[in-house]
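> Next come a sequence and a model predicted from it.
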Amino acid sequence: MNMKKLLKSKRRGSALPLAVVAVIILLAMGVGLLSLGFNSRVYSIRTASDIAARCAADAGLTMALFEMNEKLQVKPFKEGTLPEAMAVKLPYSDQVCNYRVTGNLAGGYTIWSLGESDRARRSVRATIGLKGAFDHAILTKQTLTLKSGTTIDGYNSKDPFDADIDIAIGSQSASDSSLVLNSGVIVNGDVFAGGNLDSAIKDLGAKITGEKYTGEQVDFPKVYAPTMDNKGAISATGETVKITSADSGTYTSIDLQQLITKEKGVTTTTIGVLEIEGDVVLHVTGDIKLGNSCEIVVTKDSSLTIYSDGNINCNNGSGVNTQNPPEKAETFQLYATGTEPQYFDIKAKSEFTGVIYAPDADVDLYAKGDAYGSIIAHDFEFKAGGNFYYDEALKKKNDADDEAVQFVVERWYESPPFMSASDIQPGILDAVPIQILK
C-alpha cells in the first residue's frame, strides 16, 4: 500500500515540469510569430511607401512634360522660364512631388522629379526631345484602305543618296479589317495595327517587305489656326484669282466653279482657278469647294498652308496641284482645325504633293499620278492611279515651331533614392549620378 502511494505521488509531480516546458515552447512560438508578423507589416508599409513615392515621382515627370508641351502651343516657341514646382500635393493621396526642367532646345532637356510618401523618397530623371507629326507614311485612328496595285515606298528630299528609308503605315484601331490591303499592294516597310494582326489587317494579296506588329500608340496633338485678319471669302467662277503672301488671312470659304456660256450656238466652259504665289497661309472657317475641273495651283517656288475648319469637296477633274517638283512634300500643308467631324475629298490632276494632318477627319485622296508626302487621318482611303511615296525628311526633330510637334520621353532613368527636394537645383542636378534601368 505504501508503494502505490509513492508511485502515485511521483506521477502527479511530473506533470508540472512538462506543463512549464509546453508553456515556454508556446511562448517562444508566439513571440516568433508576432515578430514575423510585425516585421512583415513594417516591410509591407515600407514597400507601399516606396511604390507610392515612385508613383509620385512619375506623376511629377508627367506634369513637367505636360507643361513643356503647353509651351509649344505658343508660336514662335520661346524657351524662357522652364517648368518647376516644389511640394505639389497629389489629389486623393498623401504623396507630394517636386520637379524641375533643365537644359535648352539645342542641347536637349532633362526632367528631374522627386516623389515623397511618408519617409520614402524616390526620384526619376528623363531626357525629352521633339517628335514631329509626320513620322509615318500613313497613319489612321480607324480605317486605312489601299487600292489594288498601290506601292508604298519612300525617299529623302534632304539626302537623295539615302537608300535606307524607314517606312511605316498603320492604324491604331483594334477593330476587324482596320487595314485593307487589296491585291497587288506592295508596302516597302512595316505595317502595324492596334489589335490582333490576323483580324485587324485584311490582306487580300499584298506584299509587305518589313514587319507586322501590334500596339504602336501615338498621341495626336490639337492644331490651332493662327490668329489672322478676316478677309471675307475667296470665290472664282470661270476666272483666275491670284493671291500672294500679303493676302494670307482668315477666310469664310473657298468656292471655285465653272462658267458655262453659250454664244451663237457655241458652248464655252471656263474654269475657276485659285493661283498661289509666294508663301500663303489661309485659315478657312467654312467649306472649300472645287467644281468640275477647277483647281488650286501652287506656283513654282511657292507654298500653301491651309487650316480648315470645314469640309473639302473636289468634283470630277478638279484638284490641288503644285508646280514645284513633286518630291517637295511641304509645298502644300493641310491641317484640320474644326470642332466637328470633317470630311476631306481631295483630288489632283496629276501628282499629289502635300502633307495632311487630320486625325479627326475622313480623308479620301484621288490623283491621276503618284502621291508624295504623309497622311494622318481618322479614316483614309487612297484611290490614286499611282503610288504613294513618303518623304523621310518630314521626321524633323529640332523645329519647335512645326505644327503638331510634341515633346516625348526619349530615355528614362531612376536616380538615387537619397535625393531630397533641395537637391533639385541647378548645378547640383548635373553632378548627381544616375542608374539606368535596363
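Structure received. Numbering: from 1, shown residues only.
> drop to CA atoms for contacts and neighbour counts, all remaining ones
Noted.
> Point me to the helix or strand that includes the most centrally placed residue in the chain.
Residue closest to the average C-alpha location in the chain (C-alpha atoms, centre = their mean): residue 219, at 2.6 Å. Using DSSP states H and E, residue 219 falls within no helix or strand.
> got it, and residue 22?
Here residue 22, judged by DSSP H and E, is contained in helix 2-71.
> Follow the chain on from that helix and name the next helix or strand.
In N-to-C order, the element after helix 2-71 by DSSP H and E is strand 84-89.
> Strand partners (parallel or antiparallel) of that next one?
strand 96-104 (antiparallel) (DSSP bridges).
> Show residues contacting the following helix or strand past the partner strand.
Sequence-wise, the next helix or strand downstream of strand 96-104 (DSSP H and E) is strand 108-117. Residues from elsewhere that reach strand 108-117, judged by C-alpha atoms under 8 Å, 6 or more residues apart in numbering: 49-50, 52-58, 60-61, 64-65, 94-103, 121-129, 419-421, 424.
> Any of those buried? List them.
With burial judged by 16 or more other C-alpha atoms under 10 Å, the buried subset of those is 49-50, 52-58, 60-61, 64-65, 95-102, 121-129, 419, 421, 424.
> Leaving out sequence neighbours, find the closest residue to residue 56.
residue 115 (4.5 Å; C-alpha to C-alpha, 6 or more residues apart in numbering).
> count of residues packed around that neighbour?
Residues near residue 115, counting by other C-alpha atoms under 10 Å, number 32.
> Specify the beta-bridge partners of it.
Residues in a beta bridge with residue 115, per DSSP bridges, are residue 97, residue 122.
> Make residue 1 into 220 and carry on from there
Yes, from this point I'll number from 220; that puts the last item at residue 334.
> Now do it against residue 507, distance only.
Separation of residue 334 from residue 507 (C-alpha to C-alpha, to the nearest Å): 51 Å.
> Check residue 568 too.
17 Å.
> same check, this time on residue 585
Per C-alpha to C-alpha, residue 585 is found 16 Å from residue 507.
> same question, residue 238
The gap separating residue 238 from residue 507 is 98 Å, by C-alpha to C-alpha.
> hang on, the earlier thing: residue 585 and residue 507: who's more crowded?
Using other C-alpha under 10 Å, the more surrounded residue of residue 585 and residue 507 is residue 585, with 24 against 21.
> Pretty sure that one sits against residue 601.
Yes - applying C-alpha atoms under 8 Å, one finds residue 585 in contact with residue 601, separated by 6.7 Å.
> any residues in contact with both of those two?
With C-alpha under 8 Å, 6+ apart applied, the contact sets of residue 585 and residue 601 do not overlap.
> for whichever strand or helix holds residue 474, packing partners?
Using DSSP H and E, residue 474 sits in strand 473-476. Helices and strands touching strand 473-476, by 3 or more C-alpha pairs under 8 Å, 6 or more residues apart in numbering; DSSP states H and E, are strand 453-456, strand 507-509.
> Pick the most deeply packed of the ones you listed.
Among those, strand 507-509 has the highest mean neighbour count (mean count of other C-alpha atoms under 10 Å), at a mean of 24.
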